[in-house]
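Structural data only, the sequence is not supplied:
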């Protein structure tokens, strides 16, 4: 059996600060912190004389030649991101209809198992419905096996106890305001471990199980498959939204950074002192650093979350790569 639900977030995501930085934290807030840190470091280096801002300073030239060209390349990055997003949402009427029907079929399957008329659209509420149904069907399985006194090699009591705890863990997603918060609840390999155990019970003792236990076990399998499917779907939604926000923020901050870099270059006139009072230069350089590094900071923190989510949600089935197993 795999980790218990309390162990889902072991490893680098168990630390609340790391979890906030890598996954659940606002990308804008983290980028602001990174940008502010770069500005503070610049201010300190200017103060101690490591960065020279007086007459003949090469800072403006370095900004104009290096950073300006780098900032312009962010336009290409933004265009590439937009192309990636659009490639996922464009399609022929037939393709879009197939996607819609597939989504509706999946929801109908969950609704049939959960015995509800309709399932919620909200990601957290939907996962909460799956969790509630999983807990109910697991309790039914345990009761049916106990009443029939079926002798099975697999420890059904331990399996159902762990599965109920896992379902309770999944129910934490209900009420979450962020798709990434919902996605975090599904991280880990528990669903795959329980799926394999349920299949082992079904294959080894399917004929010996009473009818009620067989139905409950089938429902448990369907719900575990739903967990595997829904986390991949929510991952797709979350990453597409994040990339769309990243593209927009790169355009905003990139334009500001290009303009500020150009204007800062005009502060220094060849063969003369700066066009602004010398006392202002440290503050101007610090502010320029913040604006210029903002696009890079946004790109880094956004891709950091995308990479983290992708690393821990690679598998969609019972084959789980070692990298996805979050260890303590």
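Sure, I can see it. Since this is a predicted model, take the numbers as computed values, not measurements. Residues are numbered from 1 along each chain as shown.

which helices and strands sit right next to the helix ranked longest in the chain?
With secondary structure taken from DSSP state H, the chain has its longest helix at helix 211-265. In this structure, helix 211-265 packs against helix 27-47, helix 59-62, helix 68-89, helix 93-114, helix 123-148, helix 179-186, helix 190-205, helix 281-312, with contacts taken as 3 or more C-beta pairs under 8 Å, 6 or more residues apart in numbering; DSSP states H and E. The way it works is simple: take the backbone N, C-alpha and C, and place the C-beta from them, glycine included.

Now do whichever helix or strand comes after the fifth one: everything it contacts.
This means helix 123-148. As assigned by DSSP states H and E, the chain's next helix or strand after helix 123-148 is helix 156-170. Residues external to helix 156-170 that are found in contact with it (C-beta atoms under 8 Å, 6 or more residues apart in numbering): 1, 4-6, 8, 127-128, 130-132, 134-135, 138-139, 141-142, 145, 185-186, 190-191, 194, 197-198, 201, 220, 227.

repeat for stretch 107-121
Counting contacts by C-beta under 8 Å, 6+ apart, the residues touching stretch 107-121 from outside are 126, 128-130, 132-133, 137, 219, 222-223, 226.

Take these and lay them out in TSV including distance to residue 118, pLDDT and neighbour count.
Listed next are those as TSV, based on distance: C-beta to C-beta, whole Å; pLDDT from 0 to 100; neighbours: other C-beta atoms under 10 Å:
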residue	distance to residue 118	pLDDT	neighbour count
126	11	94	21
128	14	94	21
129	10	95	22
130	14	95	25
132	15	95	18
133	14	95	23
137	19	94	24
219	18	94	21
222	18	94	18
223	17	95	30
226	15	93	23
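
Adding distance to residue 262, write those residues out as CSV.
As requested, the contacts of stretch 107-121 are arranged in CSV below (distance: C-beta to C-beta, whole Å):
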residue, distance to residue 262
126, 49
128, 52
129, 54
130, 53
132, 58
133, 59
137, 64
219, 64
222, 60
223, 58
226, 54
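
Identify, from those, the entry nearest to residue 238.
Set against residue 238, the nearest of the contacts of stretch 107-121 by C-beta to C-beta is residue 126 (14.0 Å).

From residue 137, how far out is the closest one?
When distances are taken as C-beta to C-beta, to the nearest Å, residue 126 and residue 137 turn out to be 17 Å apart.

Which positions within stretch 258-270 qualify as buried?
Within stretch 258-270, the residues scored as buried using 16 or more other C-beta atoms under 10 Å are 258, 260-261, 264-265, 267-268.

how far is it from where the chain is centred?
Mean-position distance between stretch 258-270 and its chain equals 38 Å (C-alpha atoms, centre = their mean, to the nearest Å).

next one: stretch 220-236
16 Å.

Show me what it is in contact with.
Contacts of stretch 220-236 with the rest of the structure, by C-beta under 8 Å, 6+ apart, involve 88, 106, 109-110, 113, 123, 126-127, 130, 133-134, 137-138, 141, 163, 170, 179, 182-183, 186-187, 191-192, 194-195, 198-199, 202, 309-310, 313, 316-317.

rewinding a little: and the angle from the longest helix of the chain to helix 281-312?
Interaxial angle, helix 211-265 versus helix 281-312 (axes from the mean of the first three to the mean of the last three C-alpha atoms, to 10 degrees): 160 degrees.

how far off helix 93-114 does helix 211-265 point, in degrees?
Helix 211-265 and helix 93-114 are oriented at 130 degrees to each other (the same axes, to 10 degrees).

Low-confidence stretches in the stretch 151-300 of the chain?
Low-confidence regions of the stretch 151-300 of the chain, defined by pLDDT under 70, span residues 151-154, 268-274.

what's the burial count for the residue lying closest to residue 34 once chain neighbours are set aside?
Across the structure, with C-beta to C-beta, 6 or more residues apart in numbering as the measure, the residue nearest residue 34 apart from its sequence neighbours is residue 297 (4.0 Å). Using other C-beta atoms under 10 Å, residue 297 is surrounded by 22 other residues.

again, but for the one 10 residues further on
Counted with other C-beta under 10 Å, the neighbours of residue 307 add up to 11.

separation between it and residue 24?
Using C-beta to C-beta, one obtains 15 Å as the distance from residue 307 to residue 24.

phi, psi of residue 187?
When quoted as degrees, to the nearest 10, the phi and psi of residue 187 stand at phi -70, psi 150.

For stretch 85-94, report the contacting residues that lie outside it.
Under the contact criterion C-beta under 8 Å, 6+ apart, stretch 85-94 has outside partners 99, 236, 240, 243-244, 247.
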